[in-house]
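**Q** how does the following fold in three dimensions:
(2 chains)
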Amino acid sequence: MVKKERHVLVIFPHPDDEAFGVSGTISAHIANGTPVTYACLTLGEMGRNVGNPPIATRESLPDVRKKELEEAADAMGLTDLRMMGYRDKTLEFLAPGVLKGMVEELVAELNPTLVISFYPEHSVHPDHNATAAAVVEALADMPKETRPTLYAVAITLDNPDVVYSVKDYMREKLLALRAHHSQFGATFAEREKHYRDGDPEIAERLENERFFDYKFADDA
Amino acid sequence: MELITPTRVQELIDSFAKQDVYLHLETTNGAYASHFDQSFFSAGAYIRNARVNYKHGKITGDGPYRVGLELDIGWVYGEGLTHFELNEDGQLILAGLNHEDKIAVTLEISEQPFRK
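**A** Numbering: from 1, shown residues only, chains lettered A, B, ... in the order given. As a prediction, this is how the structure comes out:
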């Protein structure tokens, strides 16, 4: 299962980006005694699933999602949650170097041996790809002796390098997923029911988390 | 938010007329629209805290509704609006939910800037 790290730094742009793909891994690292920091860049202000009748407006949604994110962090056992204050769907438009500088500061402060983020150009959403690009730029500048490993989550790539079974952390993971109610709401409740009823396809998706071990230009 | 009542929304639009106000206008299909359907041409637009002063505004249609604001030197309009709310900050929020109950359009008017 997960190996002991000095520190794990998770960087994603939206509350809920962690839930499907990495929440079990986060819980596993925490259970393993590794400190984990989750830097979430926005509050998902542009989320579109507000239910009908809508439970939130464009103006109240960030407060709703902030609470959901805190609840998900609690569910995963995560105590170092950083909300970085950027705005949903603007990351690719930020001035050059802004996001890279943010990643560099986090890495300098936390000295992680493992960083988890998206995979550049293979993560569909412009915010995902902008975040991934900044992470890669920041880490690529480090000497390879001190550079943390980057485990990247890709949406449009097959054959991940690392597949973790997070079966032992499904309680935490389901709670984390449920916490993002404004986004997954009814759809997740249905999915969870199928999971509990033993749907093998859903179990396979939920109980395994997939990562690409990102190779930098100077990696052997 | 509740379903739009045109007479009530018209009153609210009138109450913001002829003064400097801040406008939020967006349309969106979501960032994944073209990922799920490559033939789908996804377009959207977003402007937050445009400062405008409209001399009159109107809500029309049978639902989903359209709202247009006539400025001294131009126009603003949005279509596909289904829900409204006057929130606790006195901001008029109009939104349109598509057939999947996802936000597809938002038009908002406020006397104070919307938070960044």
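**Q** next, count neighbours for residue 105.
**A** Since no chain was named, I'll use chain A. Residues near A:Glu105, counting by other Cβ atoms under 10 Å in any protein chain shown, number 12. For every residue, glycine as well, the C-beta is placed using N, CA and C.
**Q** I was after chain B.
**A** Per other Cβ under 10 Å, the neighbour tally for B:Val105 reads 22.
**Q** so who does it touch?
**A** Going by Cβ atoms under 8 Å, 6 or more residues apart in numbering or on different chains, B:Val105 touches B:Glu26, B:Thr27, B:Thr28, B:Gly78, B:Glu79, B:Gly80, B:Leu81, B:Ala95, B:Gly96.
**Q** same check on A:Arg48?
**A** B:Thr28, B:Gly30, B:Lys102, B:Ile103, B:Ala104.
**Q** how far away is it from A:Ile202?
**A** 24 Å (Cβ to Cβ, to the nearest Å).
**Q** tell me which helix or strand in chain B has the weakest average pLDDT.
**A** Sorting the helices and strands of chain B by mean pLDDT, DSSP states H and E puts helix B:33-36 at the bottom, at a mean of 81.
**Q** alpha carbons of the helix or strand just after that helix, as CSV, please.
**A** Sequence order places strand B:45-52 as the next helix or strand after helix B:33-36, per DSSP states H and E. Taking Å, rounded to 0.1, in the frame of the first residue of the first chain, the C-alpha atoms of strand B:45-52 are listed here in CSV:
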residue,chain,number,x,y,z
ALA,B,45,-18.9,34.3,-21.7
TYR,B,46,-18.3,35.8,-18.3
ILE,B,47,-18.1,39.4,-17.1
ARG,B,48,-18.0,40.3,-13.4
ASN,B,49,-18.4,43.7,-11.9
ALA,B,50,-19.0,45.6,-15.0
ARG,B,51,-20.2,49.1,-13.9
VAL,B,52,-23.3,50.2,-15.8
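**Q** what's the first helix or strand after strand B:45-52?
**A** Going down the chain from strand B:45-52, the next helix or strand is strand B:54-60, by DSSP H and E.
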